[in-house]
Each structure stands twice: as structure tokens, then as C-alpha cells.
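Q: Could you work out the structure for the sequence below:
(2 chains)
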Amino acid sequence: MLAEALVSEVLQKARAGGAELAELYVERWRRRALRVLSGEVKEATSGIEYGAGLRLFYGTEVVYAYTNDLSPESLLELTETLVKLKGSAGQVDASGRGGLDFRKAAAQGLHAPAIPFTARDKRYRLERILEAEAGAQVGPQIKQVQSNLMEWEQEVLVANSEGVWAEDRRVRTRLYVTAIAQDESGMQTGVVGPGLSVGLELFDRYPPAEIGRKAGMQALTNLRAKPAPAGSMPVVIGNGFGGVIFHEALGHLLETTSVAKKASVLSDKLGEKVASEVVTYIDDGTTPHGWGSQEFDDEGRPSERTVLIENGVLKSYMVDRLGSLLTGYRPTGSGRRQDYTFAPTSRMRNTFIAPGSTPREKLFEGIEYGLYAADMGGGQVRPGSGEYNFAVKEGYIIRHGRIEEPVRGAMLVGKGPESIQRIVAVSDDLEMGPGMCGSLSGSLPVEVGQPHLLISEIVVGGQA
Amino acid sequence: MTFEEARDYLLQKAKALGIDAEVLATHTRELTIQAHGGKVEEITQATQGGIGVRVVVEGKTGYAYTEERTPEALDWVVQEALENALLQSETGGFLPAGGALGQHDLLGEGLSAPLEHKRQAALDLEAGLRADARVKQVQMTRYSERETQATLGSTQGVAGAFRNGYALLLTSAIMAEGGSLKQGYEFDLSKEFHALEPGRTAQAFLQKTGRLLGARPLKTGRYKAYFEPKAFGQLLGMMGWFLLSAKNVLEGKSLLAGKLGQKVASEMFTLVDDPTLPDGLASRPFDAEGTAAKRTVFIENGLLRTFAHNSETARKMGAPNTGHASRSYKGVLGVAPTNLFVQPGQGVKQDDGIIISDLMGLHAGANPISGEFSLQALGLKVEGGELAYPVENFTVAGNFLELLSNITALGTELEWNPLMGIVGSPMVEVAELSFAGA
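A: Prediction:
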């Protein structure tokens, strides 16, 4: 995407200005988005995003600059500005002169799409979306269906003054269907949104009609649901996107971004038991075609599978370059960024609780009164205190060990480290679900996942 | 190619193809200085810009954008925008006619202080927090400034540009006392760097987060709620704007649809949007389609007066255009507020209930379509007119429209919150809401 000689010149110039490490990140995106509401195309957009980010390390101090003017003059001027901003002029490093010998690594196409970005016309895409809409018509109460199709193609180059040169190409596709049901009691929604590192073959893996049907059924369930109860009770969390609770309550606490500053309640706990022994927690950036998979991270390091917690014992954090410098922990290929406008930080990829051995039905046995959170919405956590909250998208009351009437509007709140100690049983039905995770380095595609699991006690916020 | 050259290239190309086009280019400069441990930890300097086109062909509207300003990229953009337009079934799209709107500078020299002073502001804010022994960890402290130049042009004659920007101090930290931990944040925002005072922002943080230490669980029940301006501003920015957007009304997503002229809130509630406020952080001379800025009263003494319109929604609903068109170069035509605020009232007398100081999880816990919300909150219990103790681990839930109708008092002072748009609110007292805790 950028001539090797220019990349080399920029990195050398930064080194000569006193930076210990210089890293250049260049990318070009082509994106398409199609929003269809009740059969009509409401929005169709396409775009090119194109830019570069330059990061300089002075020990653990970092300066970052980005631009989308990638001409040699602009990049060299930017480098000069950045060196000046740091105010370290005069500390010229002679070792920065001389040629850089890049070790070039290119993606092997592990997550390459079967149907490329340029294939098929827009009409084909629209027809698949209309199938999803038709599928969502599961009852007369379904008043509206909205479908969003997002397609991304990202070319990335990361090079640094240590000789790293990694090129990756990432293609992602997601279909997101929202069904709105209405009757005299009000309006409720159902949302289903599969996404993978694939092209339009997403429609083969997740037939649009089936996606629509699921969204429609969820909206109907919420429509007949009563307001959720309030109070403290046992909760069974469903598999797949249910894993968002531990993404929030556990995953974010294991990123060096907060661990290095001791801003996480799980800092300095390697080798310690931090969760119930039924919990094994893994972050895997290598899952073929995973929504959060990529061959290299955004610092040019190969992606890997990182076991974070094994049988309740903390084994590793998620570590980026800066995090490694600050903590001494081995980098885990976890440096990620939304795009060139962000410097990378340690982030999750595809993160899940490994399957356990309790059959799903057994989880419910013995619960006199509790909540079954069959599907989850988004959530939030404050890593310093571990306080989290997240919304239940589809919930049911558990009474005498049985799943009974649906409830809506439930919010689970608590403190992460307490909740992970309270996981008393994990089932064997692991599933993953895609989401967008927002943090310091922007909004990123990640998968969350888990089997069904039982938490002995959690605060449920509802309309008492 | 410069932005102006790229704009002209696109308009020329559109004319040659016989299609109507509107080109919006924005160019942003940003500087962020992050302090940590008494040192400047991270500096980010950025220039970013892009061009978005909206084309109308056969009454159908399409969009595309690019950050790469080469003829190949611009040609791809026109081609994609055209294809995107032809995919639409809806016709009746049009670009508003317009004329010269002039060049406006709303920022002036507000950000022109030396870099050293800006570094010092970030360092001083962090030091101000660390001076308090209860501050266990300062997670993030930053000075940030942003300057944006927006240029609008169309084949219908619209042509104009303006420049605006702001300076921001922001911090997030953890306080601890006797086993109780609280994470909080504080900010100050101005169009003048010199109006920021790190010491004042640090004191505000210490006061607002410190008072929550030693929080006790809240007993589940129904209580009177006192929303602090910041908390109400977040809720209003998220829910209120969604309901007022004519775009959402037309799409059948707004609970306020069909309620023009009706009572939708307590009669002490008046909601205004004013892009002409001289110090307004979201002030602008014209909207994203070139419609001149003016003050709009959406809700007056509880009565719904108008929705927020752009030219497209106004034409569809047969209503006057309120000049709320919004579009980023990457986005599509929408409606957005500028400086949105609740008119202050006669004052709130706190007797018994819960002061809500902060709300969390708005993106997941507030559903603007149903109007229902269930949100994790931080706050304090008031008993017999006195602050009794801070409370934690609870949610507050209800329906936003019911909440608006149950407003029983409004504070006298307006505070602005930039977290969910630029929203101003006084303290808001609500007769009763459902709280879930221990």
C-alpha cells in the first residue's frame, strides 16, 4: 500500500529523532452498508477510508499521530511534527541511520472470503435481505422489520523500526435484523445479528429467512412478557451472546490497558484463583472466520489462542506492546485498534468460557425462583471497581426448576469478581456470538461466547 | 487533490452525468495530551478529512464517501452513490435549492495557546486529583482540542463553509475509603482554552465522586427521584432526541408520533434547541443542507409543538423545516440537535428520595422505541431534607414519557453535558420511580 522506501524513511527519521521504536500503520477500507426497513431501502452507503498512524515509543511514553494524506511530503512532515511534540530534539540516535531490513510476513488467507467484496451486484444483496424480512413475519403483531447488511474489506500494513512488516487483508460481513412487534400493551423488539470474517457466503451459513424468523419470535416473546422482577436471585445465562457478561465483567479486567495501571481489580493476580474452578476462559484470535479473528494484530504480531483462566486460576492477561513494556508480560497478539485514528491497546478477539460437564437441564434443577437470561443485550463495566451492568434481551422466570413466563426489561448488575466466584455450574453447549466492543482504541468486532451456566446469586433490576 | 479541488471534481462529474449532487467535506485537526503519573504519557496529533456525496437521480437518493482524494477513488464514489440511489424504491428525493451562505468562523483564536500550557493543564488536573489521599488511581487525564472546518456545496447552488471547535479537560479516577471503591469522571469543555481551570475540574471530581464513598445497598422500592443535571442530560440526549426526530416519527419508531399539540410532559417542562447561542458548543450558522440556523421550541409547558426536521422530513410531513439536517461525510442525511436544553424552573427542594448523580449502560438499558429504561445508577439517599448516605448496586427503571409527565420540580441552573450530544438540564425532580437493589 505504501512503498517500502518511504516506510523505511519515515521510520528512520523517527529513530533519528530519538524514538526507541517507531511503528507505521497504513490501511485502506472499503465499506458498504445497506439498511432496509419494511421492504424499502432506506440507506445505501459506500465508502473508502484511508489513512496512516505513526506511533513513537520513548521508553513507555508514546506519541501518536494520524493523517489521511499519505503523500511522502505529508508523512515526513508528520514525523517531524511528532518528534517535535515530544520535545526530545537533540537526542539524535545514530543507530537510526542506515537501511531497515524488513522481515516480510503476508497473510495466508486463513479467514479469506469465498465470495469477495466485489462479487455479486447490489440487487443480489437486497434480495437476500428481503428474505430475512419475510422470515420475520411470524405473526400479525410484527409491525416492522429493519435489516442492516454491513460489508467491510480492510487492507492493513504494519511496519516498525525493528523490522516487522506484516500485511493482512480482513473481510467481514454481518446481517443485523430487528423485528418490532406491537399490540395494545406496547412495542417490543427482537434482534438477531450474525457476523463472521467471510464474504457473502454468510448467507449460506446463516440463511436470512431463519435469521428473520428468530428476530420475529423474540419480539413476540417480549411482547407477551411481563416486566421483570427486581431483587437478588439465581440466574441461568444462555449460551452464545450470553457470554457478553464475562466479556464485560472479566475480559475487560484482563486487558493490560487496565492491568498495567493497576486499574483492574485483577491486577497482580497471575497464578491465583480468581474464579470458581468450573471456569476456564479463553481468548482465541485464530478461530477460522471468527468475527474477531485476524491473522496479525494491529502491531504486526501473529494472532494466537490465549488461555486466560484455567479451572479458576489466572494464567495470562491480554497483552499488547505497550502493556508488555509496562508489565513485563509476554505479548499475546492482542494489540488492536478500530482504525488508523486510534493507537492500538490490548483488546479481546473471540473470548469464551470453555464447555463444562453439567447437562443443560441440570442447571435449572433446584432453582425455586430465578431468572433465565436466554439472550443478552449489551453492557458496560468500570474495571476499577468491577461494577458492571447489562441488559437481558430475552428472559424467563424459573420457578420450581422449570422455565416459565417471559419477562422483559431485566438488567443484571453486580461486581465482576464476585459474579465469577458465583458461577456454580457450566454446561457443555458452547456457542459464540458476534458483537462490537467499544474501548480506548475504538469499536472492534469481537465474539463472545459461553455454554449455558448458572450463577448462584445476582441482582436483577426490573420494574418492581 | 485538495478538498476544494475534490469537491469541484465531484460536482463537475455529477453535472456531466446529469445528476443532482451535494458535497460535504470536513477537515478536522485534533490534539490530545494524556497525563499519567505526573508525566505526559501520550500525545496524539491528527489531521483527518473526508468527502461525502449525496446524489439524487430519478428522485432516488444515494450516498458514498472517501478519505482518499485520487481521481480513481472519487470516480468509485460517484459510481457507488449512483448504484446506491438506483437501489431505492422510494422516489421523491430532492436536493434543496440554495445560495451562497458565506464563510463563518465560530472559533476564532480560542485554541491558540502555546503547547506547553496545554501540557501543563493536563498535568495540573492529574496533580489536583492526586493531592487527595482518597484517590487510589487516576486512570485517565487528558487535555484535548478539536477544530473542524466544514464545507458544503451542491449542484443546486448551495455554497458555504464554517469553522468551529472546542477545548476539553477530562479525567477518570478511582477513589477509595474504608473498603469502598468508586470510579468516577469529570470534564470541562469550552471554546476558549483559557476558560478551562484544571484546579476547578479536580475539585469537582473530588466532591462528586468522594460523596459516593461508603455507599450502602439500596432497598428495592419506589422512591422520589432527583436527577442531577448531568444524569438527566444523558437520559434526555439518548431518549428525548430519539422521540423528537421526525425521521423516527416517519419510520414509526417514535412514541410521540401523532401527538403534536398534545400534552406529553409536565407543564413545567419546556424543551428548546438553539444553534445560535453565542457560546454554544454545538452552534452553527447553517445545517448540513444549508438551512439557516434558528431557535426551536419542541415542547412548551408540556405541549408538543414540533418535531425536528430536515428538508426531506419536513416535505413528507408537510411541516416547516426546523433546520436540523445533519450529516457527517461518512453518514446519511439525518436530524440532529445542536444545543438542546430544558428550560430551568423555580428550584428543587430535596426532602425524601434518591439523588441520581450518574447513569450507566444507556446504550443497553434504555430502549427509546418502547420508552422503557432500566439503568444502573449511582446516587445518594435523602431523608427528611438531609443527605443521609450514598447508595450503590441499584438500578432505576421506568418509562421516559411517564417520567416527563411526572416531573414535579426543576432546578434553577442549567448545566451542559457533552456525553450524548450537547444537552443542558437543571436538576429534575420526578414524583416516583422504581428502584431495584438489594
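Q: tell me how far the helix or strand hosting residue B:433 is from the chain's mean position?
A: Following DSSP states H and E, one finds residue B:433 within strand B:428-436. From the chain centre to the centre of strand B:428-436 is a distance of 24 Å (Cα atoms, centre = their mean, to the nearest Å).
Q: ok, residues contacting it?
A: A:230-231, A:411, A:459-464, B:218, B:220-227, B:229, B:232, B:342, B:348, B:353-354, B:374, B:394-398, B:403, B:406-411 (Cβ atoms under 8 Å, 6 or more residues apart in numbering or on different chains). Heads up, the C-betas are built off the backbone N, CA and C, glycines and all.
Q: Tell me which residue of chain B lies closest to chain A.
A: Going by Cβ to the nearest Cβ, chain A is nearest to residue B:395 of chain B, at 2.8 Å.
Q: rewinding a little: the strand holding residue B:433 pairs with which strands?
A: Sheet pairing of strand B:428-436 (DSSP bridges) gives strand B:221-227 (antiparallel), strand B:386-399 (antiparallel), strand B:407-410 (antiparallel).
Q: Indicate whether whatever helix or strand comes next after the longest one makes contact with chain A.
A: Using DSSP H and E, the helix or strand that directly follows strand B:386-399 along the chain is helix B:400-405. No. Residues of helix B:400-405 are not located near chain A by Cβ under 8 Å from any Cβ of the partner chain, the shortest gap being 10.9 Å.
Q: re the thing from before, could you pull up the mean pLDDT of the strand holding residue B:433?
A: Throughout strand B:428-436, pLDDT has a mean value of 96.
Q: Next: stretch A:204-213.
A: 97.
Q: what do you get for stretch B:93-112?
A: Confidence over stretch B:93-112 (mean pLDDT, whole number) is 92.
Q: Same check on stretch A:438-455?
A: 95.
Q: Tell me the buried residues in that stretch?
A: Judged by neighbour count using 16 or more other Cβ atoms under 10 Å in any protein chain shown, the buried positions of stretch A:438-455 are A:439, A:441-442, A:444-455.
Q: repeat for stretch B:87-103
A: For stretch B:87-103, by 16+ other Cβ under 10 Å, it's B:87-88, B:93, B:95-96, B:98, B:101.
Q: what's the first-to-last distance across that stretch?
A: End-to-end distance of stretch B:87-103: 36 Å, with Cα to Cα, to the nearest Å as the criterion.
Q: now swap in stretch B:214-221 and tell me
A: The straight-line separation of the ends of stretch B:214-221 (Cα to Cα) is 21 Å.
Q: go on, stretch B:126-142?
A: Using Cα to Cα, the two ends of stretch B:126-142 sit 9 Å apart.
Q: Neighbours of residue A:225, how many?
A: Residues lying near residue A:225 (other Cβ atoms under 10 Å in any protein chain shown) number 20.
Q: pretty sure it contacts residue A:393?
A: No. In this structure, residue A:225 is not within contact of residue A:393 by Cβ atoms under 8 Å, at 10.9 Å.
Q: mind giving me the domain split of the chain?
A: If you meant another chain, say so; for now it's chain A. Split into domains by automatic domain parsing, chain A comes to A:4-31+A:46-105, A:122-156+A:164-225, A:231-461.
Q: if you could check chain B rather than the one you did, that'd help
A: B:3-205, B:215-438.
Q: Quick check: phi and psi on the closest residue to residue A:364 other than its chain neighbours?
A: Take residue A:364 and drop its neighbours on the chain: the residue closest to it by Cβ to Cβ, 6 or more residues apart in numbering or on different chains is residue A:401, 5.2 Å away. Backbone torsions of residue A:401, given as degrees, to the nearest 10, read phi 80, psi 0.
Q: Surely residue A:401 and residue A:369 touch.
A: No. Under the criterion of Cβ under 8 Å, residue A:401 makes no contact with residue A:369, lying 10.2 Å away.
Q: Contacts for the helix or strand of chain B with the lowest mean pLDDT, please.
A: Sorting the helices and strands of chain B by mean pLDDT, DSSP states H and E puts helix B:362-365 at the bottom, at a mean of 80. Residues outside helix B:362-365 that contact it (Cβ under 8 Å, 6+ apart): A:377-380, A:389-391, A:411, B:234-235, B:238, B:373-376, B:395, B:420.
Q: State the next helix or strand along the chain beyond it.
A: strand B:366-367.
Q: near chain B, which residues of the stretch 51-200 of chain A show up?
A: Contact residues, the stretch 51-200 of chain A versus chain B (Cβ under 8 Å from any Cβ): A:51, A:60-69, A:78, A:81-82, A:85-86, A:122-123, A:126, A:143-144, A:180, A:186-189.
Q: Filter these down to the buried ones.
A: A:51, A:60-69, A:78, A:81-82, A:85-86, A:122, A:126, A:144, A:180, A:186-189.
Q: Sitting in helices, which of those residues do you find?
A: Among those, DSSP state H puts A:78, A:81-82, A:85-86, A:122, A:126 in helices.
Q: which of the residues you listed sit farthest apart?
A: A:86 and A:126 (50.6 Å; Cβ to Cβ).
Q: coming back round to it: what's the PyMOL syntax to select whichever of the contacts of strand B:428-436 are buried?
A: Restricted to buried positions by 16+ other Cβ under 10 Å, the PyMOL selection for those reads:
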select buried, (chain A and resi 230+231+411+459+460+461+462+463+464) or (chain B and resi 218+220+223+224+225+226+227+229+232+342+348+353+354+374+394+395+396+397+398+403+406+407+409+410+411)
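Q: Enumerate the residues of the stretch 151-300 of chain B near chain A.
A: Going by Cβ under 8 Å from any Cβ, the residues of the stretch 151-300 of chain B near chain A are B:174, B:181-183, B:220-222, B:251-253, B:255.
Q: one step back: of the buried residues of stretch A:438-455, which is the nearest to residue B:309?
A: Ranked by distance to residue B:309 (Cβ to Cβ), the buried residues of stretch A:438-455 are led by residue A:442 at 32.1 Å.
Q: What are the phi and psi values at the residue nearest to that closest one when sequence neighbours are not counted?
A: Among residues not flanking residue A:442 along the chain, residue A:338 sits closest, at 2.5 Å (Cβ to Cβ, 6+ apart). Backbone torsions of residue A:338, given as degrees, to the nearest 10, read phi -60, psi -50.
Q: isn't residue A:338 right next to residue A:444, touching?
A: Yes. Applying Cβ under 8 Å as the test, residue A:338 and residue A:444 come out as touching, 5.9 Å apart.
Q: quick one: low-confidence ranges for chain A?
A: Applying pLDDT under 70 to chain A flags the ranges A:87-99, A:463-464.
Q: Find the closest residue to chain B in it.
A: Nearest residue of chain A to chain B: residue A:461, at 2.8 Å (Cβ to the nearest Cβ).
Q: Nice, that's everything, thank you.
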